[in-house]
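Trainee: Structure, please.
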Amino acid sequence: MPRRPAGFTAAWSLAAAISGLYRLIGLAPPRFHWVASPAAAVMTVPVGVRPRPSEAVERMDDWPLPRRFSSLTNRLCWELDARVGRVHRLMEQLIRRQVRDSLSRSADRTLRGALHLAQGLPYRLRGVWEAQCVSWIAHYDALHRVAGVVFTPGQTRRLGLWAAAARSCGPWWPRQDVCVVSERPVAVHTEVWGDDGEVRLHRPDGPALRYADGWELYAWHGTDVPSWVITDPGVRRIEREPDVEVRRCAIERIGWASYIGRAGLRLVATAPDPGNPGAELRLYDMRRETRVLLAVNGSVERDGRRRRYGLTVPGFLDDPVAAAGWTYGLSAEQYSLLARRT
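Mentor: The predicted structure is shown next:
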């Protein structure tokens, strides 16, 4: 058992759990190397370790152990599903939707997205991510606690190893002789965005995700963005940004009405919005041979307000109603006949 480094939580429980998982695939417990963030995990090689060619960082997709751990979880899930039986089937479907699927979507829009996209981090290893994701663990735990499904002692022990690892750390990268383990973030900022309570990364005034070593990620309503989008979203920077999603987030950070004024966009035309009675459509000239349609959301936000937002449309459109129809794949006449949109 490795000596617990200062500042890392639940290291003893984690080492015992992962060591148990290694034994389940027929390997001796590895040496553990703790790091403060996922970035540190893939950018450094533990002292004294000479990774096999098949376990080099640039060949993560070819690592052999993640596939073995993925097979391990697939086999366990198959066994646990067999214990559910017909009497618990309706409860299983409810728990799958409200627990497993909801947690999976939340994880995809928070930690998985951060690992994959932030700073070009080469985090792939789809199999090991799915094995470590808390959603499937919570699913079977809820089946046992809420629905009363009984698992065998051996199944409970194996599920418990995965649960103990999930409670004790962030992601971990299993090699044959050494396992690199990342701490969890010290700060996570999210917003609710789904019907079943799903969350996604969002913070309008700082990093949405931050680790102890300073590695951080900025996000705007679930979209990973450069820090300037949150800290200094200037008009000139927006005009130079090639990524349309980053531009959109930066403009929303400023506010569409404010951006239009500060950028000096020329008003082309206005019209009542037939799909949203009482609201007005405003069409503006924009650079790059495009125009922007400023509209009001048809549905009420969680704070009770109707959000004003902009949509980029082709530069040949001169009629705001035609531009609104274009965003739905409709003509101006067809859009005018729509019931209230959302």
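
Trainee: quick one: H202 and P66, what's the gap?
Mentor: 30 Å (Cβ to Cβ, to the nearest Å). Placement of C-beta: from N, CA and C, glycine included.

Trainee: Can you show me the CA trace of the helix or strand where L161 lies as PDB?
Mentor: Using DSSP states H and E, the secondary-structure element containing L161 is helix 153-168. As requested, C-alpha coordinates have been extracted for helix 153-168 and formatted as PDB (Å, rounded to 0.1, in the frame of the first residue of the first chain):
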ATOM      1  CA  PRO A 153     -22.100 -11.000  -2.100                       C
ATOM      2  CA  GLY A 154     -19.600 -11.300  -5.000                       C
ATOM      3  CA  GLN A 155     -21.500  -8.900  -7.100                       C
ATOM      4  CA  THR A 156     -21.900  -6.500  -4.200                       C
ATOM      5  CA  ARG A 157     -18.200  -6.600  -3.600                       C
ATOM      6  CA  ARG A 158     -17.300  -5.900  -7.200                       C
ATOM      7  CA  LEU A 159     -19.800  -3.000  -7.400                       C
ATOM      8  CA  GLY A 160     -18.400  -1.700  -4.100                       C
ATOM      9  CA  LEU A 161     -14.900  -1.500  -5.600                       C
ATOM     10  CA  TRP A 162     -16.000   0.700  -8.400                       C
ATOM     11  CA  ALA A 163     -18.100   2.800  -6.000                       C
ATOM     12  CA  ALA A 164     -15.200   3.300  -3.600                       C
ATOM     13  CA  ALA A 165     -12.900   4.500  -6.400                       C
ATOM     14  CA  ALA A 166     -15.600   6.900  -7.700                       C
ATOM     15  CA  ARG A 167     -16.000   8.400  -4.300                       C
ATOM     16  CA  SER A 168     -12.300   8.800  -3.700                       C
END
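
Trainee: Give the buried residues for it.
Mentor: Burial within helix 153-168, assessed by neighbour count using 16 or more other Cβ atoms under 10 Å, is assigned to 155, 158-159, 161-166, 168.

Trainee: Now tell me what touches it from outside.
Mentor: Applying Cβ atoms under 8 Å, 6 or more residues apart in numbering, the set of residues contacting helix 153-168 from outside is 9-11, 13-14, 16-18, 20-21, 24, 73, 76, 79-80, 83, 131-132, 134, 137, 140-141, 151, 172.

Trainee: Who are the packing partners of the next helix-or-strand element following it?
Mentor: Following helix 153-168 in sequence order, the next helix or strand is strand 172-174 (DSSP H and E). If contacts are counted by 3 or more Cβ pairs under 8 Å, 6 or more residues apart in numbering; DSSP states H and E, strand 172-174 sits against helix 11-24, helix 38-43, helix 64-84, helix 126-132, strand 178-182.

Trainee: what residues does strand 172-174 touch?
Mentor: With contacts defined as Cβ under 8 Å, 6+ apart, strand 172-174 is touched by 18, 22, 30, 41-42, 63, 65-66, 69, 125, 128, 132, 165, 179-182.

Trainee: cool, stretch 322-332 as well?
Mentor: In this structure, residues lying in contact with stretch 322-332 by Cβ under 8 Å, 6+ apart are 273, 275, 281, 283, 291, 293, 295, 311, 313-314, 317, 319, 321, 333-336, 338, 341.
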